[in-house]
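*Asks:* predicted structure and sequence below. I'll ask about it afterward.
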Amino acid sequence: MKVMMEKQPYKKLFIKTWGCQMNVYDSQRMIDILTPLGYKTTDTPEESDMIILNTCHIREKATHKVFSELGRLKEHKDRKEAKGGKMLLAVAGCVAQAEGDFIMERAPYVDMVFGPQTYHELPEMIIRATGERVINTDFPPDSKFDHLPDASEVKGGTAFLSIQEGCDKFCTFCVVPYTRGSEFSRSINGILDEANKLVKKNAQEIIVLGQNVNAYHGEGPDGKIWSLGDLLRALADIDGIQRLRYTTSHPRDMGEDLIKAHGDTGKLMPSLHLPVQSGADSILKAMNRKHTADHYRKIIADLRQEQPDIALSSDFIVGFPGETDQDFEDTMQLVRDINYAAAYSFTFSPRPGTPAANMQNLVPEHVKNERLQRLQALVNEQQSKFNDRTRGLTLPVLFDRINEETGQLHGRTPYNQSLHAQGNKRLYGQITDVKITESFPNSLGGEILTTETVVKSA
């Protein structure tokens, strides 16, 4: 007698991600870990079997936003469990790392709290969470990268590849050294192995990630320590990789070898995000950046010598404690000197546990906001002019998204500009020549240049 086995339904997984591309990478790796356990992602938290909030501690009121989200999710958890079901609610990432005990105390309905160095232990944590609340914010002695499964898929032809974590710079405004730990670099062999597997899943573009990615110093197959420049050259030799990018960098680690890689590595895209934070040396010193504005200018000049068309973006903190009118004007002058293609700017807000949180001589809110508006107006003007200069050019675009409602394809130019165009869905995940016909403050429009022959059947 043949016994028919009933197929077990999959479990619904909802992940909400805040913050940097490292968090985006981490969320995808959590999916890779949970997929073999029967989980499948869903776009809505209702009726989910597991919800993970992958949090970021960088922006203002980060903890408050997490608790607000948890309050909304508790309603879904209560409804499901009132029907006899079970929903695991977890907080991951940097807020979890920094304030795990506080979360567990204030939100007793949260089942799991774990930091960014421990998500490879998710299967064990889930088993434990069936009988107890779990908090895991240690820094394990072994690397999580040694325990991660292969990536399950590559979406849109672009893949993130984490090569470095943590930071030893201790900028006075930043929590990363406390939430991500000290700098750690993966081995060259491990990175290249993962890159080859991503290419087999149709990765056209590899974006290598790290909290301080250009501080990379991993062991090479020859037993020597390789720099990020060495790694980028090795990745460029892999057949199938068409594009390389890296983020996020620190000016102190923009060494000569990495700068030269921008000139001798053709697959390295002409775009770079290099945060400077301020153009005033006194503020840079207070931030513990350990570089000057002129040092930053020299780096940019050297980069443009190697890659003349490089598009630059940066981060700025406006109204750092002690910032004078002249300090802010020094920042504005730096922006004029560099001429950015894009920038991200914010007013200073103290992060608990950082030295800057206890600094005196605070800048009034109305002064910070006025300065921010002036800085953003200048950067927006530069970005618009940069986009305008690409109009009429034909550029290779990697289409990484599809708007199902409009049928438009969305992609990125070599200069990391967002572009939309009408095109066949078959171009999703592919690099295609596009003539730039429109430019907007934050994006481009274009016409796809392809020729297709339609063979009619007899």
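*Replies:* Structure's in. What do you need? Residues are numbered from 1 along each chain as shown.
*Asks:* name the nearest residue to residue 30, sequence neighbours excluded.
*Replies:* Closest residue in space to residue 30, ignoring its immediate chain neighbours: residue 119 at 5.3 Å, by Cβ to Cβ, 6 or more residues apart in numbering. For the C-beta atoms, the positions are set from N, CA and C on the backbone; glycine is no exception.
*Asks:* what's that neighbour in contact with, if anything?
*Replies:* When contacts are counted by Cβ atoms under 8 Å, 6 or more residues apart in numbering, residue 119 is found next to 26, 29, 30, 33, 92, 144.
*Asks:* of those residues, which is the nearest to residue 135?
*Replies:* Distance to residue 135, by Cβ to Cβ, is smallest for residue 92 among these, at 11.5 Å.
*Asks:* burial count for the closest one?
*Replies:* As a burial measure, the neighbour count of residue 92 was computed by other Cβ atoms under 10 Å and equals 26.
*Asks:* I figured it hits residue 51, correct?
*Replies:* No - counting by Cβ atoms under 8 Å, residue 92 sits too far from residue 51 to count as a contact (10.6 Å).
*Asks:* would you turn the contacts of residue 119 into JSON lines with secondary structure, distance to residue 293 and pLDDT?
*Replies:* Shown next, in JSON lines, are those (DSSP: H, G, I helix; E, B strand; the rest coil; distance: Cβ to Cβ, whole Å; pLDDT from 0 to 100):
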{"residue": "26", "secondary structure": "helix", "distance to residue 293": "33", "pLDDT": "88"}
{"residue": "29", "secondary structure": "helix", "distance to residue 293": "38", "pLDDT": "88"}
{"residue": "30", "secondary structure": "helix", "distance to residue 293": "40", "pLDDT": "91"}
{"residue": "33", "secondary structure": "helix", "distance to residue 293": "44", "pLDDT": "89"}
{"residue": "92", "secondary structure": "strand", "distance to residue 293": "37", "pLDDT": "93"}
{"residue": "144", "secondary structure": "helix", "distance to residue 293": "37", "pLDDT": "63"}
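*Asks:* Throw those into TSV and include distance to residue 437, thanks.
*Replies:* Formatted as TSV, those follow (distance: Cβ to Cβ, whole Å):
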residue	distance to residue 437
26	38
29	38
30	40
33	43
92	43
144	45
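*Asks:* could you point out which element follows the helix or strand hosting residue 90?
*Replies:* Secondary-structure element containing residue 90, defined by DSSP states H and E: strand 88-92. In the C-terminal direction, the helix or strand that comes right after strand 88-92 (DSSP H and E) is helix 93-106.
*Asks:* so how far is whatever helix or strand comes next after that following helix off the chain centroid?
*Replies:* Read in the C-terminal direction, the helix or strand following helix 93-106 is strand 112-114, with elements assigned using DSSP H and E. With Cα atoms, centre = their mean, to the nearest Å as the basis, strand 112-114 stands 21 Å off its chain's centre.
*Asks:* looking only at pLDDT, what's the mean for stretch 125-142?
*Replies:* Per-region confidence: stretch 125-142 scores 82 on mean pLDDT.
*Asks:* buried sites along that stretch?
*Replies:* Under the neighbour-count criterion of 16 or more other Cβ atoms under 10 Å, stretch 125-142 has 125, 126, 129, 134, 135, 136, 137 buried.
*Asks:* so the last one touches residue 115, yeah?
*Replies:* Yes - the criterion here is Cβ under 8 Å, and residue 137 meets it with residue 115 at 4.3 Å.
*Asks:* returning to what we had before: so for the residue nearest to residue 30, what's the pLDDT?
*Replies:* 84.
*Asks:* can you give me the neighbour number for residue 373?
*Replies:* A total of 12 residues lie near residue 373 under the criterion other Cβ under 10 Å.
*Asks:* what distance separates the helix or strand hosting it from the centre of its chain?
*Replies:* With elements delineated by DSSP H and E, residue 373 resides in helix 365-389, which encompasses its position. Chain-centre distance of helix 365-389: 23 Å, with Cα atoms, centre = their mean.
*Asks:* so where's this protein uncertain?
*Replies:* In the prediction, the chain carries residues with pLDDT under 70 at positions 1-8, 59-60, 140-149, 152, 451-458.
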